[in-house]
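**Student:** this one's sequence-less:
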């Protein structure tokens with residue numbers, strides 16, 4: 001699972017570089033995110049490259065959300081492609097996650 005990590009003024013910005021977040025890579029993603037989020041209070045996941053996500057991918061995102069909120073932090077998702085956003089809406093996860101159309105909006109610019 002490829003992603004890049006940038007830090008912008010206390011916000012951890014993770015740009016996912018994979019076109020899928022599914023059963024094939026969700027556990028790898030979840031394990032790789034643990035050290036990234038370990039000391040984070042606010043994180044933004046840029047999902048602009050992700051064209052497909054299944055329930056395993058959603059579970060990995062929920063794991064990231066739980067990790068951050070347990071420590072009083074926040075997780076924002078941005079730049080979801082239409083099929084991924086549809087999955088989020090279908091299972092009502094758009095009510096659980098803070099979702100923004102653009103990275104700039106998620107970062108509060």
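**Tutor:** It's in. Computed from a predicted model, the values in this text were never measured in an experiment. Numbers count the residues shown, from 1 in each chain.

**Student:** correct me if wrong: residue 105 contacts residue 79.
**Tutor:** No: Residue 105 lies out of contact with residue 79 (Cβ atoms under 8 Å); the separation is 9.5 Å. Heads up, the C-betas are built off the backbone N, CA and C, glycines and all.

**Student:** the more surrounded of the two?
**Tutor:** Set residue 105 next to residue 79 and count neighbours by other Cβ atoms under 10 Å: residue 79 wins out with 23 against 14.

**Student:** let me see the contact set for the residue nearest to the more buried one when sequence neighbours are not counted.
**Tutor:** Nearest residue to residue 79, sequence neighbours excluded (Cβ to Cβ, 6 or more residues apart in numbering): residue 48, at 3.7 Å. For residue 48, the contacting residues are 15, 78-81, 103, by Cβ atoms under 8 Å, 6 or more residues apart in numbering.

**Student:** of these, which count as buried by neighbour count?
**Tutor:** 15, 78-80, 103 (16 or more other Cβ atoms under 10 Å).

**Student:** strands of the chain, residue ranges please.
**Tutor:** Listed in chain order, the strands found in the chain under DSSP state E are 3-8, 11-16, 20-21, 42-46, 52-53, 74-78, 98-100.

**Student:** lowest-confidence stretch among those?
**Tutor:** Per-stretch mean pLDDT for those is lowest at strand 3-8 (a mean of 92).

**Student:** what's the angle between that one and strand 11-16?
**Tutor:** 160 degrees (axes from the mean of the first three to the mean of the last three Cα atoms, to 10 degrees).
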